[in-house]
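*Asks:* Sharing a model prediction with you, sequence too.
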Amino acid sequence: MAVEVFVVDKGVPEIMDMVKDLRTQGLVQGKDFDFEYRPETWDNFSRVHEKYTVFTFYDERWGTWFTLKWS
């Protein structure tokens, strides 16, 4: 079962540090985890949604580890 972890309001450099850490732990993108960065979106007047990243882990243990480490 895949586990999704949402990381809110982190910029690209911070997200890439997280991805590098996962790779250092031996995880393989596309096999053990995936991630999708969504920049904040604005209409002509206000912010529609803030920036966030969704990390998907294909083993619940890694999702739990990631949440404990980066929360």
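*Replies:* That came through fine.
*Asks:* pLDDT below threshold where in this structure?
*Replies:* For the chain, no stretch is flagged by pLDDT under 70.
*Asks:* Show me what the longest helix along it is in contact with.
*Replies:* In the chain, with assignment by DSSP state H, the single longest helix is helix 12-24. The contact list for helix 12-24, computed with C-beta atoms under 8 Å, 6 or more residues apart in numbering, reads 7, 10, 29, 32-33, 35, 37, 53, 55, 62, 66, 69-70. C-betas here are computed from N, CA, C, even on glycine.
*Asks:* Got a quick PyMOL command for the buried subset of those?
*Replies:* If you want just the buried ones from the contacts of helix 12-24 in PyMOL, going by 16 or more other C-beta atoms under 10 Å, the selection is:
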select buried, resi 7+10+32+33+35+37+53+55+62+66
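*Asks:* could the contacts of helix 12-24 go into JSON lines alongside distance to Val19 and secondary structure?
*Replies:* Shown next, in JSON lines, are the contacts of helix 12-24 (distance: C-beta to C-beta, whole Å; DSSP: H, G, I helix; E, B strand; the rest coil):
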{"residue": "Val7", "distance to Val19": "11", "secondary structure": "strand"}
{"residue": "Lys10", "distance to Val19": "11", "secondary structure": "coil"}
{"residue": "Gln29", "distance to Val19": "7", "secondary structure": "strand"}
{"residue": "Asp32", "distance to Val19": "12", "secondary structure": "coil"}
{"residue": "Phe33", "distance to Val19": "9", "secondary structure": "strand"}
{"residue": "Phe35", "distance to Val19": "6", "secondary structure": "strand"}
{"residue": "Tyr37", "distance to Val19": "10", "secondary structure": "strand"}
{"residue": "Thr53", "distance to Val19": "9", "secondary structure": "strand"}
{"residue": "Phe55", "distance to Val19": "9", "secondary structure": "strand"}
{"residue": "Trp62", "distance to Val19": "13", "secondary structure": "helix"}
{"residue": "Phe66", "distance to Val19": "11", "secondary structure": "helix"}
{"residue": "Lys69", "distance to Val19": "13", "secondary structure": "helix"}
{"residue": "Trp70", "distance to Val19": "11", "secondary structure": "helix"}
